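J.: Could you look at this predicted model? Sequence included:
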Amino acid sequence: MSRADGCFHCGEPLPNGPLIIAQLDGIEQPMCCIGCKAVAEFIYSAGLTAFYEFRSQPDSDLQPADEPGEWQHYDSADLLARYVHEDRGAAETTLDIGGMYCTACVWLLDKALSQIDAIENVTVNPATRRAVIRWDAAQLKFSELLDAISRIGFRPLPVGVGQSKDTNDEEYRRSLKRLIVAGAAGMQVMMFAVALYAGDFFGIEPGVEKFLRTISLLVTIPIVFYSARPFFASAWRGIRARAPGMDLPVSIAIAAAFFASVWATWMDQGNIYFDSVAMFVLFLSATRFLEMRARHRADDYAVALARLLPDTATRVVGGDAEIVALDRIRVGDVIMIRPGEVVPIDGEMLTGSLSVDESMLTGESLPVGREPGAQVYAGGINRSGNGTLRVTRTGASTSLAEIGRLLERAQADKPPIAVLADRIASRFVL
C-alpha cells in the first residue's frame, strides 16, 4: 500500500500523518478522510461494489458525509411548501445532484435509493444532473431523504419551480462550436470530393488526386476528433455501464469509414469516404443541437412561469389587509387580488369579481371572468376587478408548480421510442 496510489474512493492524494484504512471485503484500502471511508464502507455493505467497476474515473468532487441535522431545516413548513408536492400521502420533489458526472453515479444513486422501502420511484437525468423522486411522506421525511443521498456521497440541492441550471449556456456554446466546425470543415471536404468525383469521369493527374485526398484527410480530422467526440464519449460510457445504446453503432460507423479512408490515402489506392463521414457527423450534430435547443426552451418556459409569481401577497385578517411574504401564506388564508396583480396561489373566489388572463396556463388569449365560488389558479393575471380568495393550494402544490414538474419529468424521462431504440441497438451491436 503506497501513498502514491491515492484515496481508494475519490483518488485524491493521501494527507500526511497516520493512514485512514477501510476494511473492504477483508482488504485494507487507503482513504483520504473519514467521509470517503464512510461512503466506501456504505457502498460495500449495501452490495453496490459494481460502482467501482462502472465509474469512468475516481470522482474527487464527491462530498464527505454531512453532519447530523444539517438537513432538518428542510422539514419546515415554508421549505416543504416550496420544494415538495404532496398528493394523497405521496410526496414528490426535484433535486439537483452535485457530484454526479457519469453513468456509474446514476447507477449508484438509483440502486442505493431503491433499497429504501419508502421510496416509490427515482428518475435520474445524467445530462442535467437532476433527479425526480417520489416517496411515501408518512414513512420518510424530506430531510431524511436528503441525508440518505448525502451519505452516499452526493450533494443534493432541492430545486424550486422554474429554477434553471447555469449549465445550459455552457452546453449551448459547446454544442454550437462543434456544429460550426462540422459545418465549415464539412463544406470544404465536399468541395474536394466534387473535384475527385469529376476526376473519376474526366480524368485527373495522380499528383493532384493525391493532394486532394491528403487535404481531405487533414480537414476531416477536426470533424472526427472534435465535432464527433460526444458520440464516442457516449458510446464508451454505454460500454462501461454494459448498456450500449444508439451511439455505439454510430461511433463504429464513423471510426470505420474514417480509418478505412486514412488507410486508402496512405496506400494511395482504394476509395475514400471523408465526405460521407463529414456529412454524417454534421447531420447528427445538427439534429442533436436542435433537440438541445428544444430542451432549453422547455427550461426557459419553466423559468418564465416561475417569474409570474410575486414575492408577496396581500393577506386579509380580521378585515385588515397586510402585505406578507408569499412563503408565509397558508391554506385557508384569505388574500386580496387587485387589478394588474398576479394570482400567487390556487384559491376559491369569496367576494368580488375578477377578469383573469390565464393565457400562460391554458393558452386562452381572452380573460376569463371569475365569480364567487369559482377556482382561480396561480400565474393568472387579474386584468380588472377586485376580489378575495380563500387559499386552497400554495407553493409546490399549485397548478403552476405542477406544470413545472411535468416539464422536469419530461426532460428526465426517455420517451418509449428512445427506450425501444436503445434496447434494439444494444442487441444489434452485441
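T.: That came through, no problem.
J.: I'd like the distance between residue 145 and residue 87.
T.: 16 Å (C-beta to C-beta, to the nearest Å). For every residue, glycine as well, the C-beta is placed using N, CA and C.
J.: higher neighbour count, the two?
T.: Higher neighbour count among residue 145 and residue 87: residue 145, with 25 against 11, using other C-beta atoms under 10 Å.
J.: hang on, that one packs against residue 131?
T.: No - with contacts counted by C-beta atoms under 8 Å, residue 145 stays clear of residue 131, the gap being 10.5 Å.
J.: Distance from the chain centre to the host helix or strand of residue 248, please.
T.: Element membership of residue 248 [criterion: DSSP states H and E] is helix 247-267. From the chain centre to the centre of helix 247-267 is a distance of 32 Å (C-alpha atoms, centre = their mean, to the nearest Å).
J.: Over to stretch 267-280?
T.: That offset, for stretch 267-280, works out to 36 Å (C-alpha atoms, centre = their mean).
J.: What lies in contact with that stretch?
T.: Stretch 267-280 is contacted by residues 182, 185-186, 189-190, 192-193, 196, 210, 213, 216-217, 219-220, 223-224, 253-254, 257-258, 260-261, 263-265 when judged by C-beta atoms under 8 Å, 6 or more residues apart in numbering.
J.: List the contacts of the residue nearest to residue 254 when sequence neighbours are not counted.
T.: Computed as C-beta to C-beta, 6 or more residues apart in numbering, the closest residue to residue 254 that is not its neighbour in sequence is residue 228, at 5.5 Å. Going by C-beta under 8 Å, 6+ apart, residue 228 touches 182, 251, 254, 281, 285.
J.: Tabulate those residues in CSV, adding columns for pLDDT and neighbour count.
T.: Listed next are those as CSV, based on pLDDT from 0 to 100; neighbours: other C-beta atoms under 10 Å:
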residue, pLDDT, neighbour count
182, 94, 26
251, 90, 21
254, 93, 21
281, 94, 27
285, 92, 24
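J.: what two of those residues are the furthest from one another?
T.: 182 and 251 (15.1 Å; C-beta to C-beta).
J.: and after the helix or strand bottoming out on mean pLDDT in the chain, which helix or strand comes next?
T.: The helix or strand of the chain with the lowest confidence, counting by mean pLDDT, DSSP states H and E, is helix 51-54 at a mean of 61. Helices and strands here follow DSSP H and E; after helix 51-54, the next one along the chain is helix 77-83.
J.: Any chance you could list what contacts that next one?
T.: So helix 77-83 is contacted by 73-74, 93-94, 142, 158-160, 327-328, 330, 394-397 (C-beta under 8 Å, 6+ apart).
J.: Just the closest of those residues to residue 123, please.
T.: For these, the nearest to residue 123 is residue 94 (9.7 Å; C-beta to C-beta).
J.: tell me which strands and helices whichever strand or helix holds that closest one is in contact with?
T.: In the assignment (DSSP H and E), residue 94 maps to strand 90-98. For strand 90-98, the packing partners by 3 or more C-beta pairs under 8 Å, 6 or more residues apart in numbering; DSSP states H and E come out as strand 85-87, strand 130-136, helix 142-152, strand 155-158, helix 399-412.
J.: Parallel or antiparallel, which strands does that strand pair with?
T.: Strand 90-98 has the following strand partners under DSSP bridges: strand 85-87 (antiparallel), strand 130-136 (antiparallel), strand 155-158 (antiparallel).
J.: Show the subsequent helix or strand relative to that strand.
T.: helix 103-114.
J.: Mind listing residues that contact the strand holding residue 94?
T.: With C-beta under 8 Å, 6+ apart, strand 90-98 has contacts from 61, 63, 83-86, 105, 109, 120, 124, 129-137, 142, 145-146, 149, 154-159, 165, 396, 405, 408.
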